[in-house]
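*Asks:* this is a predicted model, with the sequence first.
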Amino acid sequence: MGHSGAHDSIVRKAVIPAAGLGTRFLPATKATPKEMLPVVDKPAIQYVVEEAVAAGLSDVLMVTGRGKRPLEDHFDRAYELEEALREKGDSERLAEVQRSSELADVHYVRQGVPKGLGHAVLCAAPHVGPAPFAVLLGDDLIDERDPLLPAMIEVQKAKGGSVVALIEVDPAQVHLYGCAAVEPSDQEGVVRVTDLVEKPDAADAPSNLAIIGRYVLAPEVFDVLRDTPPGRGGEIQLTDALRTLAGRSRDEGGPVHGVLFRGRRYDTGDKADYLRTIVRLACDRDDLGPEFLAWLRQFVAARSVAENSAVREATG
């Protein structure tokens, strides 16, 4: 690969893997990609594209699979719809519809076989070229008031190699995540990652720092992924490739650093998380929040009254 000075060292492109089957959300995802499920009134993936754009990455590559047409249509112009809204004089909704098609320069590549996150990232190699790039997973939504990606891009620029996003989790939850073994760096809130363990048992976990779905990766990751044998479930794991890079010098595509994220993050990975995310985001909205929150308080109060009287009847 040679010295990292040989390639463009500025992060300009974002890759969003969107080829998953969304089986946890069936039957909703039978004909609709999981990424298109609405979170309040926007598809989940639009939040992710907006986050990339806000971090200065307006070149977005989506790695898609079968049934991806709705994704492409969403980020494309919808002339008939725009015309209908224009005729109705609904300028507010017209602006929202146009916004999604003007957000970013969106490209698409198909993953073909869903062989894991590492394979999805590898599919981006021809588009990305020899420069560091960001990867954003749609299951994690980061609150726009707590920007994470710009900090990660800064760390990558300063230290080279790759950067992962880490959150502190309850040790009892660490088995749900990739977990990082770390040592301090010379910068507050930034650690050097020495090893990564995918979904460890609590007893074996090297820390309570879990990787979430934001990465800034050195282009050397592509060569490593090509040489990484399939791991868990026959999938090529990004975690395994990052482990390899963590042990390398800057000249060879290393090291790996972690940025500790303490801001607001919303999980849309399963049904319960998805519902919690919608409620949290709806409550924060000026147009919906006050009314919805008032209703929610009444609803919860009425439910607990009903539950208490049911308990009294059962025990009385």
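*Replies:* Here it is on my side, so go on. This structure is a prediction, so every number in the text was calculated from the model and none was measured. Numbers count the residues shown, from 1 in each chain.
*Asks:* hey, let's count contacts and neighbours off CA atoms from now on
*Replies:* Noted.
*Asks:* name the surrounding residues that touch stretch 136-156.
*Replies:* 11, 14-18, 35, 44-45, 47-48, 51-52, 55, 162-165, 212-216, 257, 259, 261, 263-269 (CA atoms under 8 Å, 6 or more residues apart in numbering).
*Asks:* in that stretch, what's buried?
*Replies:* 136-142, 147-149, 151-153, 155-156 (16 or more other CA atoms under 10 Å).
*Asks:* which single one of these is nearest to Pro114?
*Replies:* Leu137 (14.9 Å; CA to CA).
*Asks:* from Val63, how far out is that closest one?
*Replies:* Shown here: Leu137 relative to Val63, a distance of 11 Å by CA to CA, to the nearest Å.
*Asks:* which residues are common contacts for these two?
*Replies:* Common neighbours of Leu137 and Val63 (CA under 8 Å, 6+ apart) are 16-18.
*Asks:* take the buried residues of stretch 136-156 and keep only those in helices.
*Replies:* The helices, defined by DSSP state H, take in 149, 151-153, 155-156 from the buried residues of stretch 136-156.
*Asks:* quick one: buried ones out of the contacts of stretch 136-156?
*Replies:* 11, 14-18, 35, 44-45, 47-48, 51-52, 55, 162-165, 212, 214-216, 257, 259, 261, 265-268.
*Asks:* still on that earlier bit, return the item of the shared contacts of Leu137 and Val63 having minimum pLDDT.
*Replies:* Model confidence across the shared contacts of Leu137 and Val63 bottoms out at Ala18, which has 91.
*Asks:* show me what contacts that residue?
*Replies:* Taking CA under 8 Å, 6+ apart, we find Ala18 in contact with 35, 62-65, 137-138.
*Asks:* residue boundaries of the helices in this structure?
*Replies:* Going by DSSP H, the chain shows helices at 44-54, 69-74, 79-88, 91-102, 116-122, 125-128, 149-159, 220-227, 238-246, 271-284, 289-315.
*Asks:* could those be laid out in JSON lines, adding distance to Val174?
*Replies:* Putting those into JSON lines (distance: least, CA to CA, whole Å) gives the following:
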{"stretch": "helix 44-54", "distance to Val174": "24"}
{"stretch": "helix 69-74", "distance to Val174": "32"}
{"stretch": "helix 79-88", "distance to Val174": "46"}
{"stretch": "helix 91-102", "distance to Val174": "36"}
{"stretch": "helix 116-122", "distance to Val174": "19"}
{"stretch": "helix 125-128", "distance to Val174": "31"}
{"stretch": "helix 149-159", "distance to Val174": "22"}
{"stretch": "helix 220-227", "distance to Val174": "25"}
{"stretch": "helix 238-246", "distance to Val174": "15"}
{"stretch": "helix 271-284", "distance to Val174": "17"}
{"stretch": "helix 289-315", "distance to Val174": "31"}
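*Asks:* out of those helices, which gets nearest to Ala205?
*Replies:* helix 238-246 (14.7 Å).
*Asks:* tell me how far that closest one lies from the chain's centre.
*Replies:* In terms of CA atoms, centre = their mean, to the nearest Å, the centre of helix 238-246 is set 18 Å apart from its chain centre.
*Asks:* over to stretch 153-160?
*Replies:* 20 Å.
*Asks:* just give me the closest of the buried residues of stretch 136-156 to Phe75.
*Replies:* Gly138 (15.5 Å).
*Asks:* just give me the residue right at the centre of the protein.
*Replies:* Nearest to the geometric centre of the chain sits Leu137, at 2.6 Å (CA atoms, centre = their mean).
*Asks:* the nearest residue to Lys34 once chain neighbours are set aside: neighbouring residues, count only.
*Replies:* Nearest residue to Lys34, sequence neighbours excluded (CA to CA, 6 or more residues apart in numbering): Gly22, at 5.2 Å. Neighbour count for Gly22, taken as other CA atoms under 10 Å: 18.
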